[in-house]
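Trainee: Here is the input, now give the coordinates:
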Amino acid sequence: MSYINKVSLSEIIRFLENRNFEKFCFANDYAYIYSPKTDEIIIEAPNNQISDEVIELAIKVFNELDKCVSIAYKWLEHFNLKNDRWYPDALDRGFEISGIYFGKYGYGHQQKPFTDGFTISFSTKNYYPCEFTVKFHKNMHPFAVEEWVF
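Mentor: Numbers count the residues shown, from 1 in each chain. Now for the predicted structure:
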């Protein structure tokens, strides 16, 4: 997505702290912004408003992003593709962040109940046609990981 202007996480933190959303794109009750370190960041924004609670969570997560990623990697270590016929080495080089979401989201087969928190999505550094999303409660503790085929 090189055509999208990306801003640093420190700039995004400053925008959130100052409630300055001019660099965010608002659409369909979400705010979007892009960063070289995290790629797409999506923040729940009903009626084009980001709640103070979500702003504070996002600031905290960005300030502790390395810790959150380290915790997420421990959940991703459970995936093993060594017996995969087509992609046995897909996880050998690890993962990179492909997006972060803040707000309410569902989980489980029915995608209910809803919980407040955030997710960090990862793609593999080696090509693999899946993405992995680690879901965190707002207390910054992970509780699930999902694999998405694309």
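
Trainee: The most centrally placed residue in the chain: helix or strand, and which one exactly?
Mentor: In the chain, the C-alpha nearest the mean C-alpha coordinate belongs to residue 100, at 1.9 Å (C-alpha atoms, centre = their mean). Using DSSP states H and E, residue 100 sits within strand 95-106.

Trainee: Buried ones in that strand, by neighbour count?
Mentor: 95, 97, 98, 99, 100, 101, 102, 103, 105 (16 or more other C-beta atoms under 10 Å). Quick note: C-beta positions are derived from backbone N, CA and C, even for glycine.

Trainee: just stretch 133-150 next, same as before
Mentor: 133, 134, 135, 136, 138, 142, 145.

Trainee: What residues of stretch 124-132 count as buried?
Mentor: For stretch 124-132, by 16+ other C-beta under 10 Å, it's 124, 128, 130, 131, 132.

Trainee: circling back to that earlier point, can you give me the angle the helix or strand just after the strand holding residue 100 makes with strand 95-106?
Mentor: Counting by DSSP H and E, the next helix or strand C-terminal to strand 95-106 is strand 114-124. Angle, strand 114-124 to strand 95-106, by axes from the mean of the first three to the mean of the last three C-alpha atoms, to 10 degrees: 160 degrees.

Trainee: show me where this structure has helices.
Mentor: In the chain, the helices defined using DSSP state H lie at 9-17, 52-63, 65-76.

Trainee: would you turn the ones you listed into JSON lines with mean neighbour count?
Mentor: Output for these, formatted as JSON lines (neighbours: other C-beta atoms under 10 Å):
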{"stretch": "helix 9-17", "mean neighbour count": "16"}
{"stretch": "helix 52-63", "mean neighbour count": "17"}
{"stretch": "helix 65-76", "mean neighbour count": "15"}
